[in-house]
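Trainee: structure for the following, please:
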Amino acid sequence: MTTIHPTAIIEEGAVIGENCNVGPYCHLGKNVILGSDNILFANVTISGHTTIGTGNKIYAYAVLGTEPQDLKFKGEPTHLRIGSNNTIREFVTINCSNQMEEDTVVGDNNLLMEYVHIAHNCQIGSGCVIANVVQCGGHIHIGDFATVGGLTAIHQFVHIGTYAFVGGASAVKKDIVPYSRGQGNPYKTVGLNSIGLMRKGFSSQTLAAIKEIYNIFYRQSLNTSQAMEKALQISNPTPEQLIFIQFVQNAQRGISN
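Mentor: Numbering: from 1, shown residues only. Next up, the predicted model:
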(Lines give C-alpha, C1' and ligand atoms only; values in the text may rest on other atoms or scores of the structure.)
Protein backbone atom coordinates (compact mmCIF):
# COMPACT_ATOMS: atom_id res chain seq x y z
CA MET A 1 0.00 0.00 0.00
CA THR A 2 1.30 3.43 -0.95
CA THR A 3 1.42 6.02 1.83
CA ILE A 4 1.56 9.74 1.17
CA HIS A 5 2.16 12.17 4.03
CA PRO A 6 -0.59 14.80 4.28
CA THR A 7 1.90 17.62 3.82
CA ALA A 8 3.17 16.24 0.50
CA ILE A 9 2.11 17.99 -2.70
CA ILE A 10 1.24 15.66 -5.57
CA GLU A 11 0.23 17.56 -8.69
CA GLU A 12 -2.61 16.22 -10.82
CA GLY A 13 -1.20 13.93 -13.49
CA ALA A 14 1.66 12.50 -11.42
CA VAL A 15 1.74 8.70 -11.34
CA ILE A 16 2.79 6.88 -8.18
CA GLY A 17 3.29 3.11 -8.15
CA GLU A 18 2.38 0.57 -5.50
CA ASN A 19 4.04 0.34 -2.09
CA CYS A 20 5.67 3.76 -2.23
CA ASN A 21 6.25 5.95 0.81
CA VAL A 22 6.14 9.68 0.08
CA GLY A 23 7.33 11.56 3.14
CA PRO A 24 6.52 14.99 4.55
CA TYR A 25 6.77 18.08 2.36
CA CYS A 26 7.70 16.18 -0.79
CA HIS A 27 6.61 17.73 -4.10
CA LEU A 28 5.92 15.68 -7.24
CA GLY A 29 5.17 17.50 -10.48
CA LYS A 30 2.41 16.66 -12.94
CA ASN A 31 4.69 14.82 -15.40
CA VAL A 32 6.45 12.61 -12.85
CA ILE A 33 6.14 8.83 -13.10
CA LEU A 34 7.23 7.04 -9.94
CA GLY A 35 7.46 3.24 -10.01
CA SER A 36 6.67 0.88 -7.16
CA ASP A 37 8.48 0.40 -3.83
CA ASN A 38 10.16 3.80 -3.78
CA ILE A 39 10.86 5.71 -0.56
CA LEU A 40 10.96 9.52 -0.57
CA PHE A 41 12.00 10.43 2.95
CA ALA A 42 11.16 14.13 3.26
CA ASN A 43 11.33 17.43 1.33
CA VAL A 44 12.13 15.65 -1.94
CA THR A 45 11.30 17.63 -5.09
CA ILE A 46 10.74 15.76 -8.37
CA SER A 47 9.69 17.85 -11.34
CA GLY A 48 9.81 17.90 -15.13
CA HIS A 49 9.27 14.86 -17.32
CA THR A 50 10.94 12.49 -14.88
CA THR A 51 10.50 8.72 -14.84
CA ILE A 52 11.83 6.72 -11.88
CA GLY A 53 11.96 2.93 -11.63
CA THR A 54 11.43 0.74 -8.60
CA GLY A 55 12.99 0.30 -5.19
CA ASN A 56 14.85 3.61 -4.97
CA LYS A 57 15.60 5.46 -1.73
CA ILE A 58 15.61 9.23 -2.15
CA TYR A 59 16.67 11.28 0.86
CA ALA A 60 15.79 14.74 2.10
CA TYR A 61 16.17 17.79 -0.14
CA ALA A 62 17.10 15.87 -3.25
CA VAL A 63 15.91 17.82 -6.30
CA LEU A 64 15.37 15.76 -9.45
CA GLY A 65 14.17 16.66 -12.93
CA THR A 66 14.64 20.41 -12.92
CA GLU A 67 15.46 22.33 -16.09
CA PRO A 68 19.05 22.16 -17.36
CA GLN A 69 21.46 24.91 -16.42
CA ASP A 70 22.17 25.68 -20.06
CA LEU A 71 21.61 29.03 -21.75
CA LYS A 72 20.78 27.22 -25.01
CA PHE A 73 17.76 25.56 -23.41
CA LYS A 74 14.47 27.02 -24.70
CA GLY A 75 11.94 25.26 -22.50
CA GLU A 76 11.38 22.04 -24.44
CA PRO A 77 9.80 19.13 -22.50
CA THR A 78 13.06 17.23 -22.06
CA HIS A 79 13.45 14.18 -19.84
CA LEU A 80 15.21 12.52 -16.93
CA ARG A 81 15.16 8.74 -16.53
CA ILE A 82 16.31 7.05 -13.32
CA GLY A 83 16.41 3.27 -12.99
CA SER A 84 15.87 1.01 -10.01
CA ASN A 85 17.42 0.30 -6.61
CA ASN A 86 19.40 3.52 -6.44
CA THR A 87 20.26 5.33 -3.22
CA ILE A 88 20.11 9.10 -3.74
CA ARG A 89 21.27 10.94 -0.66
CA GLU A 90 20.59 14.40 0.73
CA PHE A 91 20.78 17.47 -1.55
CA VAL A 92 21.54 15.54 -4.74
CA THR A 93 20.49 17.49 -7.86
CA ILE A 94 19.88 15.91 -11.26
CA ASN A 95 18.75 17.99 -14.25
CA CYS A 96 16.69 17.01 -17.27
CA SER A 97 18.44 17.05 -20.64
CA ASN A 98 18.77 20.13 -22.80
CA GLN A 99 17.33 18.55 -25.96
CA MET A 100 14.51 16.20 -26.89
CA GLU A 101 16.81 13.79 -28.74
CA GLU A 102 18.67 12.65 -25.61
CA ASP A 103 17.58 12.10 -22.00
CA THR A 104 19.58 12.50 -18.84
CA VAL A 105 19.93 8.91 -17.59
CA VAL A 106 20.89 7.28 -14.29
CA GLY A 107 20.97 3.47 -14.33
CA ASP A 108 20.40 0.94 -11.55
CA ASN A 109 22.00 0.15 -8.19
CA ASN A 110 23.95 3.38 -7.89
CA LEU A 111 24.94 5.23 -4.72
CA LEU A 112 24.87 9.01 -5.15
CA MET A 113 26.12 10.60 -1.95
CA GLU A 114 25.29 14.03 -0.53
CA TYR A 115 25.43 17.13 -2.74
CA VAL A 116 26.23 15.26 -5.97
CA HIS A 117 25.23 17.27 -9.04
CA ILE A 118 24.47 15.53 -12.32
CA ALA A 119 23.93 18.01 -15.14
CA HIS A 120 21.95 17.78 -18.34
CA ASN A 121 22.46 14.91 -20.77
CA CYS A 122 24.69 12.92 -18.41
CA GLN A 123 24.62 9.16 -18.83
CA ILE A 124 25.39 7.38 -15.54
CA GLY A 125 25.67 3.60 -15.75
CA SER A 126 24.79 1.02 -13.11
CA GLY A 127 26.58 -0.04 -9.94
CA CYS A 128 28.44 3.25 -9.62
CA VAL A 129 29.51 4.98 -6.40
CA ILE A 130 29.64 8.76 -6.71
CA ALA A 131 30.81 10.29 -3.46
CA ASN A 132 29.95 13.54 -1.68
CA VAL A 133 30.01 16.84 -3.60
CA VAL A 134 31.04 15.36 -6.97
CA GLN A 135 30.10 17.88 -9.66
CA CYS A 136 29.33 16.51 -13.14
CA GLY A 137 29.15 18.93 -16.05
CA GLY A 138 26.83 18.34 -18.98
CA HIS A 139 27.05 15.36 -21.33
CA ILE A 140 29.31 13.29 -19.05
CA HIS A 141 29.26 9.51 -19.42
CA ILE A 142 30.21 7.33 -16.44
CA GLY A 143 30.49 3.60 -17.13
CA ASP A 144 29.13 0.76 -15.03
CA PHE A 145 30.76 0.09 -11.65
CA ALA A 146 32.91 3.22 -11.72
CA THR A 147 33.78 4.98 -8.46
CA VAL A 148 34.28 8.75 -8.20
CA GLY A 149 35.78 10.16 -5.01
CA GLY A 150 34.36 13.14 -3.16
CA LEU A 151 34.88 16.79 -4.15
CA THR A 152 35.78 15.81 -7.71
CA ALA A 153 34.88 18.15 -10.59
CA ILE A 154 34.33 16.56 -14.00
CA HIS A 155 34.45 18.67 -17.15
CA GLN A 156 31.55 18.54 -19.58
CA PHE A 157 31.68 15.79 -22.25
CA VAL A 158 34.20 13.69 -20.30
CA HIS A 159 33.76 9.91 -20.43
CA ILE A 160 34.83 7.71 -17.51
CA GLY A 161 35.24 4.03 -18.33
CA THR A 162 33.74 1.02 -16.64
CA TYR A 163 35.31 -0.03 -13.32
CA ALA A 164 37.50 3.10 -13.20
CA PHE A 165 38.40 4.54 -9.79
CA VAL A 166 38.73 8.32 -9.59
CA GLY A 167 40.38 9.53 -6.39
CA GLY A 168 38.86 12.36 -4.39
CA ALA A 169 39.36 16.08 -4.99
CA SER A 170 40.32 15.50 -8.62
CA ALA A 171 39.82 17.79 -11.61
CA VAL A 172 38.97 15.63 -14.61
CA LYS A 173 39.28 17.24 -18.06
CA LYS A 174 40.08 14.21 -20.24
CA ASP A 175 38.53 10.78 -20.64
CA ILE A 176 39.53 8.13 -18.09
CA VAL A 177 40.15 4.65 -19.47
CA PRO A 178 38.27 1.61 -18.13
CA TYR A 179 39.69 -0.41 -15.23
CA SER A 180 42.16 2.33 -14.25
CA ARG A 181 42.71 4.45 -11.16
CA GLY A 182 44.11 7.91 -10.64
CA GLN A 183 43.78 11.22 -8.87
CA GLY A 184 44.82 14.84 -8.91
CA ASN A 185 44.48 18.31 -10.37
CA PRO A 186 45.25 17.87 -13.17
CA TYR A 187 44.09 14.26 -13.06
CA LYS A 188 46.80 11.64 -13.56
CA THR A 189 46.30 7.93 -14.23
CA VAL A 190 48.58 5.98 -11.90
CA GLY A 191 47.68 2.32 -12.45
CA LEU A 192 44.92 -0.24 -12.60
CA ASN A 193 42.00 -0.45 -10.19
CA SER A 194 43.34 -3.87 -9.22
CA ILE A 195 41.77 -4.09 -5.77
CA GLY A 196 38.38 -3.04 -7.08
CA LEU A 197 38.57 -5.56 -9.91
CA MET A 198 39.52 -8.38 -7.56
CA ARG A 199 36.65 -7.47 -5.25
CA LYS A 200 34.31 -7.72 -8.23
CA GLY A 201 35.53 -11.25 -8.91
CA PHE A 202 37.77 -10.73 -11.93
CA SER A 203 39.92 -13.82 -12.52
CA SER A 204 43.71 -13.70 -12.58
CA GLN A 205 43.61 -14.42 -16.33
CA THR A 206 41.25 -11.51 -16.93
CA LEU A 207 43.38 -9.20 -14.79
CA ALA A 208 46.47 -10.23 -16.76
CA ALA A 209 44.74 -9.38 -20.04
CA ILE A 210 43.67 -5.98 -18.71
CA LYS A 211 47.22 -5.33 -17.50
CA GLU A 212 48.57 -6.23 -20.94
CA ILE A 213 46.40 -3.68 -22.73
CA TYR A 214 46.94 -1.05 -20.03
CA ASN A 215 50.72 -1.42 -20.29
CA ILE A 216 50.63 -0.82 -24.03
CA PHE A 217 49.05 2.60 -23.48
CA TYR A 218 50.74 3.61 -20.23
CA ARG A 219 54.02 1.74 -19.73
CA GLN A 220 55.74 1.56 -23.11
CA SER A 221 56.44 5.25 -23.84
CA LEU A 222 54.16 5.21 -26.89
CA ASN A 223 51.85 8.01 -27.96
CA THR A 224 48.18 7.14 -28.26
CA SER A 225 48.32 6.47 -32.00
CA GLN A 226 51.32 4.18 -31.64
CA ALA A 227 49.74 2.36 -28.71
CA MET A 228 46.51 1.88 -30.64
CA GLU A 229 48.38 0.44 -33.59
CA LYS A 230 50.08 -2.06 -31.30
CA ALA A 231 46.87 -2.87 -29.42
CA LEU A 232 45.08 -3.70 -32.66
CA GLN A 233 47.72 -6.33 -33.36
CA ILE A 234 46.69 -8.41 -30.32
CA SER A 235 45.39 -11.75 -31.58
CA ASN A 236 42.08 -12.90 -30.07
CA PRO A 237 41.63 -9.93 -27.71
CA THR A 238 39.53 -10.59 -24.62
CA PRO A 239 36.21 -8.78 -24.11
CA GLU A 240 37.88 -6.50 -21.55
CA GLN A 241 40.67 -5.63 -23.99
CA LEU A 242 38.09 -4.80 -26.65
CA ILE A 243 36.23 -2.55 -24.20
CA PHE A 244 39.51 -0.73 -23.49
CA ILE A 245 40.42 -0.38 -27.18
CA GLN A 246 36.96 0.82 -28.21
CA PHE A 247 36.90 3.34 -25.37
CA VAL A 248 40.17 4.89 -26.56
CA GLN A 249 38.99 4.88 -30.17
CA ASN A 250 35.90 6.83 -29.14
CA ALA A 251 37.62 9.25 -26.74
CA GLN A 252 36.61 12.71 -27.92
CA ARG A 253 38.63 14.64 -25.36
CA GLY A 254 41.72 12.41 -25.43
CA ILE A 255 42.64 10.06 -22.60
CA SER A 256 44.13 11.16 -19.30
CA ASN A 257 47.89 10.78 -18.92
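Trainee: dump the residue contacts of residue 182.
Mentor: Taking Cβ atoms under 8 Å, 6 or more residues apart in numbering as the definition of contact, the neighbours of residue 182 are 165, 166, 167, 170, 176, 188, 189, 190, 191, 256. Glycine gets a C-beta too; all of them are placed from N, C-alpha and C.
Trainee: would you mind measuring from residue 78 to residue 120?
Mentor: Applying Cβ to Cβ, to the nearest Å, the value for residue 78 to residue 120 is 8 Å.
Trainee: same question for residue 68.
Mentor: When Cβ to Cβ is the yardstick, residue 68 and residue 120 sit 3 Å from each other.
Trainee: residue 185 now?
Mentor: According to Cβ to Cβ, residue 185 and residue 120 sit 24 Å apart.
Trainee: more crowded one of the two?
Mentor: For residue 185 versus residue 120, the count of surrounding residues by other Cβ atoms under 10 Å is larger for residue 120: 28 against 12.
Trainee: part of a helix, is that one?
Mentor: No - per DSSP: H, G, I helix; E, B strand; the rest coil, residue 120 lies outside any helix segment and is coil.
Trainee: quick one on the thing from earlier: okay, and the common contacts of residue 68 and residue 120?
Mentor: By the contact definition Cβ under 8 Å, 6+ apart, residue 68 and residue 120 are jointly contacted by 78, 95, 96, 97, 98, 138.
Trainee: what sits against the last one?
Mentor: Under the criterion of Cβ under 8 Å, 6+ apart, the neighbours of residue 138 are 68, 70, 98, 119, 120, 121, 122, 156, 157.
Trainee: tabulate these (JSON lines), appending pLDDT.
Mentor: Rendered in JSON lines, the data for the contacts of residue 138 read as follows (pLDDT from 0 to 100):
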{"residue": "68", "pLDDT": "98"}
{"residue": "70", "pLDDT": "97"}
{"residue": "98", "pLDDT": "97"}
{"residue": "119", "pLDDT": "98"}
{"residue": "120", "pLDDT": "98"}
{"residue": "121", "pLDDT": "98"}
{"residue": "122", "pLDDT": "98"}
{"residue": "156", "pLDDT": "98"}
{"residue": "157", "pLDDT": "98"}
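Trainee: is it true that residue 61 touches residue 90?
Mentor: Yes - the criterion here is Cβ atoms under 8 Å, and residue 61 meets it with residue 90 at 5.5 Å.
Trainee: now do the helices in the stretch 51-200 of the chain.
Mentor: If DSSP state H, counting those that start in this stretch is used as the criterion, the helices of the stretch 51-200 of the chain fall at 194-199.
Trainee: related to what we said a few turns ago, make a ChimeraX selection of whichever of the contacts of residue 182 turn out to be buried.
Mentor: Remark: buried members of these, expressed as a ChimeraX selection using 16 or more other Cβ atoms under 10 Å:
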select :165,166,167,170,176,189,256
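Trainee: quickly name whichever of the contacts of residue 182 is closest to residue 40.
Mentor: residue 166 (29.1 Å; Cβ to Cβ).
Trainee: show me the beta-bridge partners of the closest one.
Mentor: Beta-bridge partners recorded for residue 166 (DSSP bridges): residue 148, residue 182.
Trainee: now the most centrally placed residue in the chain, nearest residue through space, not along the chain?
Mentor: Centroid-nearest residue in the chain: residue 124, 2.7 Å away (criterion: Cα atoms, centre = their mean). With Cβ to Cβ, 6 or more residues apart in numbering as the criterion, residue 124 has its nearest non-adjacent residue at 4.5 Å, and that residue is residue 106.
Trainee: again with residue 249
Mentor: Closest to residue 249 by Cβ to Cβ, 6+ apart is residue 228, at 7.1 Å.
Trainee: also residue 119?
Mentor: Distance criterion Cβ to Cβ, 6+ apart; nearest residue to residue 119, sequence neighbours excluded, is residue 138 at 4.4 Å.
Trainee: what do you get for residue 144?
Mentor: residue 125 (3.8 Å).
Trainee: run a quick neighbour tally on residue 81.
Mentor: As a measure of burial, residue 81 has 18 neighbours, counting by other Cβ under 10 Å.
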